[in-house]
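Student: Generate coordinates for the sequence data below:
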Amino acid sequence: MPSGDRRDAVKAIFSAGQRELVAELERLDGGRFGRSGRTRLLENGDVFERAAVSVTFSDEFFAAGLSVALHPRNPYVPAFQAEFHYREAADAWWFGGSVDLLPCYGFASDATHFHRVLKNHCDTLDPAFHAQAKRACDDRFRLPHRDEARGIGGIHFDHLRLPGPDGWRRSAAFAAASIATVAPAYFPIARRRKDVPYGERERQWQLHRRGRYVEFTLVHDAARADAEAVLTALPPSARWQSECTPEPGSAEAELASFLVPRDWAAEAPVTAG
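Tutor: The predicted structure follows:
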């Protein structure tokens, strides 16, 4: 496929992904997204305090990206981040992407659902792909200065360039399907948790966990070229304190062990709770 046709196809894939995700999020939240450049942004919604879905295109060194950052109002709804990209350099091209779930409170049923949806998607490419992509995600989304995971992971892949005469088409189809997998992986969890009662304790814990998200974004992930996409991906509020030690045995304290990487997709079925 000629380079120009590839680029047009990628722009169509990412633009369609943005439109579809925004439509799904508006149905879930009930609010409406505004527009800031190529970023669609919802703030102060019923479900999300901030939801940003951005596309970026650069024609000089052709690059395209789609990023999703969701910061829910209810602390029992996990935050979510995804990013998909395409690059061309000389005669080379490749796709990449990541999907990550960031709970404040650990629910095994949510984690199992999320990872199984991602595994089923990855298995359409190669049964060995999910284990590799999950391990890469666990390694990628860590705060090394704290030696802790940012969330419970998901998948991360880069330099995806499938071989053969139809390699570009199959690679692009997998990238498009990865974007489409966001809805079935995350939205059922958000619907399940969005009306769970919470109080000030849960809210303060959520702000603390958002502080970890901001740390990762600004310290380890701020090298992305589009400053607007970086800043709109941040939560609208967060907090830091020198010492934050949850009460032993509390749900907040249990999160540390919940974030330790494990093969959630292989877990026995868990009743939603």
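Student: Checking the residue nearest to residue 209 when sequence neighbours are not counted next. Helix, strand or coil?
Tutor: The shortest distance from residue 209 to any non-neighbouring residue, by CB to CB, 6 or more residues apart in numbering, is to residue 104 (4.7 Å). C-betas here are computed from N, CA, C, even on glycine. Following DSSP: H, G, I helix; E, B strand; the rest coil, we place residue 104 in the coil state.
Student: neighbours around residue 104, how many?
Tutor: 24 (other CB atoms under 10 Å).
Student: Ok, residue 69 next?
Tutor: As a burial measure, residue 69 scores 24 neighbours (other CB under 10 Å).
Student: ok, now the one 4 residues further on?
Tutor: A count of nearby residues for residue 73, using other CB under 10 Å, gives 17.
Student: Would you agree it is in contact with residue 47?
Tutor: Yes - Residue 73 lies in contact with residue 47 (CB atoms under 8 Å); the separation is 6.2 Å.
Student: list residues touching both of these two?
Tutor: Common contact partners of residue 73 and residue 47 (CB atoms under 8 Å, 6 or more residues apart in numbering): residue 194.
Student: if we can go back for a sec, and the residue nearest to residue 209, how close does it get to residue 236?
Tutor: 15 Å (CB to CB, to the nearest Å).
Student: Do you have the helices of the chain handy? List them.
Tutor: 3-29, 108-123, 129-140, 167-193, 200-215, 227-232, 251-258 (DSSP state H).
Student: Specify the angle between the fifth one and helix 251-258 in degrees.
Tutor: In terms of direction (axes from the mean of the first three to the mean of the last three CA atoms, to 10 degrees), helix 200-215 departs from helix 251-258 by 40 degrees.
Student: same check, this time on the first one
Tutor: Counting by the same axes, to 10 degrees, helix 3-29 points 150 degrees away from the direction of helix 251-258.
Student: what's the spacing between residue 144 and residue 152?
Tutor: 18 Å.
Student: which of those two has more neighbours?
Tutor: Each of residue 144 and residue 152 has its neighbours counted (other CB under 10 Å); residue 152 has more, 25 against 9.
Student: contacting residues around residue 131?
Tutor: With CB under 8 Å, 6+ apart, residue 131 has no contacts at all.
Student: rerun at 10 Å
Tutor: 119, 122, 263, 265 (CB atoms under 10 Å, 6 or more residues apart in numbering).
Student: Give me the pLDDT for the nearest residue to residue 52 once chain neighbours are set aside.
Tutor: Distance criterion CB to CB, 6+ apart; nearest residue to residue 52, sequence neighbours excluded, is residue 232 at 4.2 Å. At residue 232, the pLDDT value in this model is 72.
Student: what's the answer for residue 52, then?
Tutor: Predicted confidence (pLDDT) for residue 52: 95.
Student: got it, and residue 219?
Tutor: For residue 219, pLDDT reads 73.
Student: Verify the stated contact: it with residue 143.
Tutor: Yes - judged on CB atoms under 10 Å, residue 219 makes contact with residue 143 at a distance of 7.9 Å.
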